[in-house]
Structure formats: C-alpha cells, structure tokens
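Asker: Predicted model, plus sequence, below.
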Amino acid sequence: MKTFWHKSLQIILCVMFMLFFYSPVFSGETLGEKKVEISPGEKLYREHCLRCHGELGIGGQGNFGAKNPASEIIPSLNTGTIKLALTTDQFGDVLNRKTMKEFILKGSKVEGTESTISQPAFKEKLTEAQIDQVLDYVATFPDTRPIRYTIPRLLFLGGFWIFLGLVVWSIQSRKKILNSVDLPKIPIHDLDQLRLMELDACTNCGECVTWCPVYLQDEREAITPRKKIADFREMIKAQYSPNAVFFDCNPVDPEAIKDFAKSLYECSTCGQCHFVCPSRIDTVELWEKIRRCIVDLGFGPLETQTPLVKNTKAYDNPWGQPRSSRAHWARAGKKDKTLIAPPKEIKKGAEILYFVGCTASFDANLREIAINTTNIMNALELNWGFLGNQEKCCGSVLLRMGDKEFERIASENIKMFNELGIKTLVTSCAGCFKTIKQDYPKVGELNFEVIPFATLLSRLIDEGKVKFSKKLDLRVTYHDPCHMGRASGEYDDPRKVLEALSEAGVEFIEMERIRENSRCCGAGGGLKAGYPQVQQKMTVERVKDAERTEATDLISTCPFCYQGLQKEIITMGSSIRMRDLVELVALAMGLPPTRIQKEEETKEN
C-alpha cells in the first residue's frame, strides 16, 4: 500500500533545497546601496587593487567564500577582523593600522603577523596619504556577517524545524488512523535471525520451481518457494523497514495476507526445495515459522484445515475420536485373534516405549500397523510397553499448521516420557518420529533415544535376533517418507531390512526418484486437508513411479503415506499392493496374518 507525504511537506522541502543551493544567499553577496559620490579611497582601491583574481576586489577570502573587497587588503583575514584592526586596538601591536600600512607598502611578511604573502597588495606603490585614504574607505565597510549568518539560518533552520514538525505530525496522525481501524501487523517475534537472513538469501534462481511437487500439479508462481519468500519479505519490509517506521507506517492489505496464506498452505512441507536450493535455505523450518506468524495474525490455517487443529486441542488427536478409544486397536486385535498377546501398559523400568501415534491408533484400516508392531516385539520378547489411553498426539499437526499450542503438548509429553525412565522411544509413524526427534528438543530436554521402528528392526537383524521362516516371493519397492527421509536422514535402515528379507524371497528394487530426491506423496503439511485435488495428483505420480518398477508391492514406513497411496491405488485400479514395512517383516517371521491379510487371501482364493 503506497502512501505520499502531505503537500505542504513537499513544498517546504523544495524551498529548503532552493535556499541551500542558491549561492547568493549563502555566499554573503549583498546588494549594497549605489553610491552617488565615490571617495578618493574607494577610487584608489578600485583602480589599484588586483589581489588574487583581478580587479575590483574580486576573489578575496571571507566567510562562506565571500568575494568582499575588504578582504583584498590581507586575503587571509576576513572583513570583520580588518574592521576591528582599523577601528580598535583589540589586536594591539600585532595587527593594527600601522602594520596594515607596512604590509601594503612592503608587500612582504610583516613582522609579528602570520601573513606570508610575498608581493604588494596593489599593482602600484601608493603613498602613505593614499594608503590612509584606502584604509579610511575600508573602515567604512558594513559588516555583512550578521546578514550572511542570520538570514540564511532563519530561512534554512526555520524551514527545517517546520518541516520536521509536519513530518512528526503526519506520522502521529497516520498512526492514530491505523490504530483506530485495527489494521493487521505481521508479528515477526517468532522469526530468529537465521530465518530473517534466509528471507534475503534467496537468489531467485528457480531450482525450487523445477523440483517442487506441488507446483508440478498447480503451476502458479504464487505457490513457488521463491515467490512465497519474496512476498513475505516485502510484507514485513512494508511494516518494519526504517522508511515504514519513520515515514509511511504502511499496513499490509488484509486481502494480500489472505492470498499469501492460501499460497503458503498449498505446500506439503516435503523439504525438496531445501535440498536443491543453492543457498541451502531451511525451507521447512521457514514455512513453519511463517505459518506461526500468519496464525498469530488470524489468517491461518485454512478453513478446511481448522478441524484438524481443533480436534487435536480438544481430543488429543486430529481425527476427533474420544481419548478412551485410543487403545481400541488392541481390543480389536484380540477380538480378531490377530494379536499374539495384548500390548503391555508401560511401567517404570521398561526399556522401550512404543509410541503408536494417532493414525495407527484410530484408523481402522491402519490399526494393522500397530498390531504387527506389537506382535514383532512380543515375539522377540523385548522389554517394552505402550501408554494406552494415556498417549496423546505428538502435536505434529499443530506444528505444521503454525499453532503455538504445540509447545504445550510437547512439554506435557516430554515430562511424561522422562518420568518413565525409558531408554528408547520407538514409533511406527514417520511424522511422530520427526516431531519427537527434532522438534521436541527445541521445547525441552529428552532423556532417551528416539528411533523409528525400522531402525530397531535393523539393529535386531544385525544382532541375529530376527529370524525369517516363511517364503514370500515378492518383488517390492520402497517409498521414502519425507519426514523420515529428507527431514531426518533415515534412508538406510529401511533398506537394510528389505535387503535382509531376501532370505524370505523378497526382491528389492528401487524407483527412479529415491532418498533426498524421492517424490512426495502429498499427504503431509496439511496439503491433504487444504488442497485434496493437488494431493491426489501428487499421489498418482508416486504410484506410477512404483508401477514402472514392475514391483508387486509398494512399501512405506509412514501411516500418512500409506493412507494416501492406498486410496489412489484402489482408485486407479492398479495391480500393485500397498504394505507397511512391519507387515512384511511379520509375514516373513511367520506371525499370524492380520484381518486385512486374511481378507486378501480370501479374495485370491
């Protein structure tokens, strides 16, 4: 929003510049009264004085470079000094009428003075009587210093203070208007120095545009990382730059903030832009901090994303399910006889805490992940437990949406986890793992190790504790979840488990885009809730990547990825089958099949 100074400020500013650059005012030139009669001394001066720059006393030294005839007597002195020397004895014997006469007659250094001029002040030698006439004439010169000092200062300084007063008045008036209409001001207190520097670090090269999975499905410049950085940078400059603070005080148009928020939330926070950015801007951290600013301002999250936030705050899970039903998956597994043994409530002294997560706990189609994980740990006789109905959401949804309530949930969970005295926390959800592992330490200290279940499996396989007794004869490919891969760097352990499954007849083949360049499925960052059509297109592209490998099964270690990929596999009528890594391991270990596996076997028969 552009503003202009008051018209009077412009006029006064122009007058001040004219006064400053108009040389007659500041040079000390004055228009003296035209003399009718010329005295003998003046006539002699005009005819004979040729010091410095020519006749008629042009070029002497004076205040503000003044060209005053009086200063031609002794160029190193100004008019006021000469007048004092001629009319008073203030300078004593050093500079008086006598020493001036000697200087004019001899034209050399006068003893007792600082003058070093080596030639006469006049082109012809004058008699003492003529010199007296010249000095009498010089003594009558008006002292123009008051004019030179007073008039410009009155005009310039007076105009300056009037100008300054109008500026202050304009700023105060504008601030009163802004305060009265309650226009939004973006809070940036959550942006640390690194995030602010990253806003200026963007080189606008376009690498993020080339790789952004969201932009490939919705080619609008406004949703590209470089444009979001540029737009947010301009908005905070409009309100926090020195020009804005002291002159404009520009509010940001609420409609502009709304449009920016829509673009900001059309993002899966996959982090691909960070890995291709030449400046290595931590874009995921930056998006989350900017979202916090937008939420504090009241423009986020989007309307379709709001229920996830409200449910998490009210029910400790984003799906709006009662807290008392969090452990229902265990009762269902016992009823279906898919559990070897019921999960054990965590007690002090247990080494491992299994953090189930909201999606595996409440989604009926994904409870098999929790059941298979429980069966594996029970079969291996690990010292573990779970929280049951005491488990709360990790807060990942709130953090991705930019809600400050994340700190409250994180603090409560950290306190509860630390009090248990556990050594290791494992989770079968990539989002929970990233949040607890990377984001919780920013809130409080963790007294235990946080690892994904794939890492635990990899360690147990290396120790020889995991035995595969059943042949599967499958050709599988692996999808790297963004939170586990790019965000946390956990690429190798899931692959080690898949490679170890070769003993069970599992052939592992990679897709074209893997590891840090893995294509995002679009399920994270609130994109699925905010822009389901964009997320659907992204998921279709990932399923096609898997199909090109001619694999029979697509494996992942994230319930969110599982949800999205499984839905599009069914919609597309694809022959590929979606599985979680723990399901594959449980089958190879010969553990009881889950309800979904039984249904699939029935269809095949």
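Answerer: All right, it came through fine. From a predicted model like this one, the values you see are computed outputs, not experimental measurements.
Asker: CA atoms for contacts and neighbours, from now on please.
Answerer: Fine.
Asker: now stretch 438-445: how far from the chain's centre is it?
Answerer: 21 Å (Cα atoms, centre = their mean, to the nearest Å).
Asker: Could you list the low-pLDDT ranges of this structure?
Answerer: Applying pLDDT under 70 to the chain picks out residues 1-39, 41-97, 99-126, 138-158, 171-183, 243-251, 595-605.
Asker: How is it divided into domains?
Answerer: Using automatic domain parsing, the domain parsing of the chain gives 31-143, 193-297, 462-604.
Asker: which non-adjacent residue is nearest residue 560?
Answerer: Using Cα to Cα, 6 or more residues apart in numbering and skipping residues adjacent in sequence, the residue nearest residue 560 is residue 523, 6.0 Å away.
Asker: Now do the same contact list for that neighbour.
Answerer: For residue 523, the contacting residues are 268, 535, 560, 561, 564, by Cα atoms under 8 Å, 6 or more residues apart in numbering.
Asker: quick one: which of those sit in helices?
Answerer: Judged by DSSP state H, the subset of the contacts of residue 523 located in helices is 535, 560, 561, 564.
Asker: Would you mind measuring from the last one to residue 457?
Answerer: Plainly put, residue 564 is 25 Å away from residue 457 if you go by Cα to Cα, to the nearest Å.
Asker: Equivalent analysis for the first one, please.
Answerer: Plainly put, residue 535 is 31 Å away from residue 457 if you go by Cα to Cα.
Asker: try residue 589
Answerer: Noted for residue 589: a distance of 12 Å to residue 457, by Cα to Cα.
Asker: Mutual contacts of the two, please.
Answerer: By Cα under 8 Å, 6+ apart, the residues touching both residue 589 and residue 457 are residue 466.
Asker: coming back round to it: the residue nearest to residue 560 in helix, strand or coil?
Answerer: Under DSSP: H, G, I helix; E, B strand; the rest coil, the three-state class of residue 523 is coil.
Asker: Check the gap between it and residue 509 for me.
Answerer: In terms of Cα to Cα, residue 523 sits 24 Å off from residue 509.
Asker: do the same with residue 575
Answerer: 17 Å.
Asker: Who has more neighbours out of residue 535 and residue 457?
Answerer: residue 535 (26 against 21; other Cα atoms under 10 Å).
Asker: show me the contacts for that one.
Answerer: 214, 521, 522, 523, 527, 528.
Asker: ok, how many other residues are close to residue 592?
Answerer: Around residue 592 there are 16 other residues, counting by other Cα under 10 Å.
Asker: Wait, a helix at it?
Answerer: No: counting by three-state DSSP, residue 592 is located in no helix; its state is coil.
Asker: For the residue nearest to it when sequence neighbours are not counted, which residues are in contact?
Answerer: Among residues not flanking residue 592 along the chain, residue 338 sits closest, at 6.0 Å (Cα to Cα, 6+ apart). By Cα under 8 Å, 6+ apart, residue 338 lies in contact with 371, 592, 593, 594, 595.
Asker: what's the distance between residue 338 and residue 582?
Answerer: On the measure of Cα to Cα, residue 338 and residue 582 end up 14 Å apart.
Asker: now swap in residue 227 and tell me
Answerer: For residue 227 relative to residue 582 (Cα to Cα), the value is 40 Å.
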